[in-house]
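Colleague: sequence and computational prediction follow.
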Amino acid sequence: MQVLRNINLTLAPKSGFCLLGPNGAGKTTLLKILAGLLIPDSGFIFLRGEKVHSGNYRQIIGYCPQTPIFWKNLNCTEQLLFMSDLYGLNRKSARAKSEYLLKTLGLEEKAKTIVQRLSGGMQKRLNLAISLIHDPKILILDEPTANLDMESKELVRSLINSLVTNDEVSILYTTHDLEDVDLISSEIGIMSKGNLVFQSEFSEYGKSESLRKKIKDLYLYHTRGDEP
Ligand SMILES: Nc1ncnc2c1ncn2[C@@H]1O[C@H](COP(=O)(O)OP(=O)(O)OP(=O)(O)O)[C@@H](O)[C@H]1O
């Protein structure tokens, strides 16, 4: 089965690229390919002009899947330190980074709690922290705000915003929440049936009412079949 067709997507430095589209459009599949977890039948990924999928690529990329994957029986700090060991990071700085991430994502008091005892939303936030432990320059997030309460959504959005503006990270993320588009993205794409059917800049200057309306109409058209 062919899931993706003729997708050409460029992620600019210091940018947030938001990918919208109905269930089954192919967003997760595309993200998995970019994260190096799936090999495409054809096509290539280039990083600063170099064709990639080498070991070094994994060091630069951070990937946060839609469904969290954890090591059973490890607490939050241990999950982060275990991941940092896999990346060969210095233990002292990894510990400091773990503390920072847990605090930023509102999980400070859960540092010693094993993951099975965390709520779904807390697991989701820990999942994001894990994807950030090695200071990736490119971050791929599959529905980072899904199933989070309002406060947690704000924590995640604010962290993502700060990563783009202060740490010069490029972020590609998917969402079904149109509020995520407004808050984070500088570029937007809409996928439908394996194709990228719409792409536009969405910078501060581009957030006009008409563009916002067009995005909403296109999103509803591809999701529900409403006339654009
Ligand atoms: N492991 C798999 N094996 C076979 N087909 C798959 C597999 N994973 C996904 N697909 C198919 O690929 C297509 C795209 O799925 P994908 O998960 O990429 O969509 P999505 O846009 O991320 O959807 P959602 O918004 O529901 O997360 C769907 O038709 C799906 O059934």
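Modeller: All right, it came through fine.

Colleague: looking at the chain, which helix or strand is least sure?
Modeller: strand 50-51 (a mean of 70; mean pLDDT, DSSP states H and E).

Colleague: pLDDT of the following helix or strand past it, averaged?
Modeller: Remark: after strand 50-51, the chain's next helix or strand is helix 55-60, criterion DSSP states H and E. If you average the pLDDT over helix 55-60, you get 78.

Colleague: so how far is helix 55-60 off the chain centroid?
Modeller: Computed by Cα atoms, centre = their mean, to the nearest Å, the chain-centroid distance of helix 55-60 equals 16 Å.

Colleague: list the buried ones in that helix?
Modeller: Judged by neighbour count using 16 or more other Cβ atoms under 10 Å, the buried positions of helix 55-60 are 57-58, 60. No exception for glycine: its C-beta is placed from N, CA and C like everyone else's.

Colleague: tally of neighbours for the closest residue to Gln2 other than its chain neighbours?
Modeller: Among residues not flanking Gln2 along the chain, Gly194 sits closest, at 6.8 Å (Cβ to Cβ, 6 or more residues apart in numbering). Applying other Cβ atoms under 10 Å, we find 20 residues neighbouring Gly194.

Colleague: got a list of what Gly194 touches?
Modeller: For Gly194, the contact set (Cβ atoms under 8 Å, 6 or more residues apart in numbering) comprises 2-5, 7, 25-26.

Colleague: state the mean pLDDT of whatever helix or strand Leu155 lives in.
Modeller: Using DSSP H and E, Leu155 falls within helix 150-165. The pLDDT scores in helix 150-165 average 92.

Colleague: pull the CA atoms of that helix into PDB?
Modeller: Extracted in PDB, the C-alpha atoms of helix 150-165 (Å, rounded to 0.1, in the frame of the first residue of the first chain):
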ATOM      1  CA  MET A 150      -5.300  23.200  29.400                       C
ATOM      2  CA  GLU A 151      -2.400  24.000  31.800                       C
ATOM      3  CA  SER A 152      -0.300  21.200  30.500                       C
ATOM      4  CA  LYS A 153      -1.000  22.300  26.900                       C
ATOM      5  CA  GLU A 154       0.300  25.700  27.800                       C
ATOM      6  CA  LEU A 155       3.500  24.300  29.400                       C
ATOM      7  CA  VAL A 156       4.200  22.300  26.300                       C
ATOM      8  CA  ARG A 157       3.400  25.200  23.900                       C
ATOM      9  CA  SER A 158       5.600  27.500  25.900                       C
ATOM     10  CA  LEU A 159       8.500  25.100  25.900                       C
ATOM     11  CA  ILE A 160       8.200  24.500  22.200                       C
ATOM     12  CA  ASN A 161       8.100  28.200  21.600                       C
ATOM     13  CA  SER A 162      11.200  28.800  23.700                       C
ATOM     14  CA  LEU A 163      13.000  26.000  21.900                       C
ATOM     15  CA  VAL A 164      12.400  27.700  18.500                       C
ATOM     16  CA  THR A 165      13.000  31.300  19.600                       C
END
